[in-house]
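Student: Need a 3D model of the following:
(chains A, B and C)
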Amino acid sequence: MPELPEVEVTRRLIAPHLLGRTVLRVHTSIPSYVFLTPPRALCQRLQGRRFDELTRRGKYLLATLDDASRLMIHLGMTGQLFVAGASSLRLLSSTRRSSLTPEEQPAFSPDKHTHLRLELEDTGPDLLFRDVRKFGKLLWLAPGSSDPRLDKLGTDVLEARPAQLFEASRGRRLAVKNLLLNQSVLAGVGNIYADEALFAARIHPCRPAGKLSRRACQRLVCALQRVMLRSIETGGSSISDYIAPDGSDGGYQDERTVYARSGEPCPRCARPITRIVLGARGTHFCAKCQR
DNA sequence: ATCTGTCCCTGGACGC
DNA sequence: TGCGTCCAGGGACAGA
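Tutor: Model prediction:
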């Protein structure tokens, strides 16, 4: 699932295809959950506009257009933003997947899960937004306007200071894992990297947030940043449906220590990794190393 | 104010 | 083989 590293990798790889280019035509699927701005309006707003800037805040991408309006994109659980011509087994159903060798993969052609296709000038490839589970979001923002979803975001994890986590956690009784998933505290943390960072910092996911010491907050914020920067470096992780904009898989899933490894030996002490449910999310940790 | 549970959605895994 | 059931989860929201 796309979290901060996957969104950042997407931003870096999409930007060269997008910036300075003008939208010739916009193609949308039927209205659905992903369109916070209805498809028709979105087409009108984007057509003829040039992309000037592509930034990221937490898990949100913000594309600034030449009229100072912005397109807000969230990939949700299964959102994929990639260029036409990308070829990936993750764009195929499992039945199709198993019948093809990687060399035989056909180039992707828009399907029923492809909600947005931007035709760009200068013979650049089309930009596609695909989202099977429709938890992603597309929203057009008028010049100077914002959205509550953005306004309430906390500091981007990569820019956060440990003291911010320490202060935000005072008096809170909820589990530290649940605090990490709250985007208004630190923006960008999702289920995978929360588990990975808690393991790296040797903190039990159920520990009440308010009980964290300054030192523990220091370890945790450093671990979050280290784990995420490393993931960006290796191209993100491709658990679930994430693909890079060129169709390639991320490399980070091979470096996961605990996430989706329940029952496997802890890399530190070899005790089996435990899985519990916390805040309706699967949570993976080592009961011996994380107290 | 803070916290928990439910819901949205779909494909894949699993059991019979 | 095929059907039904359950599960995954980001974030909005309702209710405690």
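Student: Following element in sequence after the longest helix belonging to chain A, please.
Tutor: Taking DSSP state H as the criterion, chain A has its longest helix at helix A:214-233. Moving toward the C-terminus from helix A:214-233, the next helix or strand (DSSP states H and E) is strand A:274-278.
Student: So is that next one next to DNA strand B?
Tutor: No. For strand A:274-278, no contact with DNA strand B is found by C-beta under 7 Å from any atom of the strand; the gap never falls below 8.4 Å. The way it works is simple: take the backbone N, C-alpha and C, and place the C-beta from them, glycine included.
Student: Put the alpha carbons of that strand into CSV.
Tutor: Taking Å, rounded to 0.1, in the frame of the first residue of the first chain, the C-alpha atoms of strand A:274-278 are listed here in CSV:
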residue,chain,number,x,y,z
THR,A,274,3.5,-11.9,16.7
ARG,A,275,0.5,-10.5,14.9
ILE,A,276,-2.4,-8.7,16.7
VAL,A,277,-5.1,-6.3,15.6
LEU,A,278,-4.8,-2.7,16.8
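Student: For it, which strands pair with it and how are they oriented?
Tutor: Looking at strand A:274-278 with DSSP bridges, its partner strands are strand A:281-285 (antiparallel).
Student: is the strand it pairs with anywhere near DNA strand B?
Tutor: No. Applying C-beta under 7 Å from any atom of the strand, one finds that strand A:281-285 is not in contact with DNA strand B, the shortest distance being 9.1 Å.
Student: Residues contacting that strand, please?
Tutor: A:177, A:181, A:191, A:195, A:198-199, A:204-205, A:258-262, A:273-277 (C-beta atoms under 8 Å, 6 or more residues apart in numbering).
Student: let's see 10 Å
Tutor: By C-beta atoms under 10 Å, 6 or more residues apart in numbering, the surrounding residues in contact with strand A:281-285 are A:175, A:177-178, A:181, A:190-192, A:194-196, A:198-199, A:202-206, A:256-264, A:266, A:273-278.
Student: wait, what's in contact with residue A:261?
Tutor: Going by C-beta under 10 Å, 6+ apart, residue A:261 touches A:195, A:199, A:267, A:272, A:273, A:275, A:284, A:286.
Student: Next, the buried residues of stretch A:36-51.
Tutor: In terms of neighbour count (16 or more other C-beta atoms under 10 Å), stretch A:36-51 has its buried residues at A:37, A:39, A:42, A:43, A:45, A:46, A:49, A:50, A:51.
Student: Can you check the distance spanned by it, start to finish?
Tutor: Distance across stretch A:36-51, first residue to last, is 20 Å (C-alpha to C-alpha, to the nearest Å).
Student: what's the answer for stretch A:272-290, then?
Tutor: One end of stretch A:272-290 sits 13 Å from the other (C-alpha to C-alpha).
Student: Now it: buried residues?
Tutor: A:273, A:274, A:275, A:278, A:283, A:284, A:285, A:286, A:289, A:290.
Student: Excluding chain neighbours, give the residue nearest to the second one in space.
Tutor: Meaning residue A:274. residue A:287 (5.0 Å; C-beta to C-beta, 6 or more residues apart in numbering).
Student: mind listing what the one you found touches?
Tutor: By C-beta under 10 Å, 6+ apart, the neighbours of residue A:287 are A:204, A:266, A:269, A:271, A:272, A:273, A:274, A:276.
Student: Next, format those as a markdown table and append pLDDT.
Tutor: Formatted as a markdown table, the contacts of residue A:287 follow (pLDDT from 0 to 100):
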| residue | pLDDT |
| --- | --- |
| A:204 | 96 |
| A:266 | 93 |
| A:269 | 94 |
| A:271 | 93 |
| A:272 | 92 |
| A:273 | 92 |
| A:274 | 92 |
| A:276 | 92 |
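Student: picking up where we left off before, from the contacts of residue A:261, which two are the most distant?
Tutor: Greatest spatial distance among the contacts of residue A:261 (C-beta to C-beta): A:267 and A:275, at 15.9 Å.
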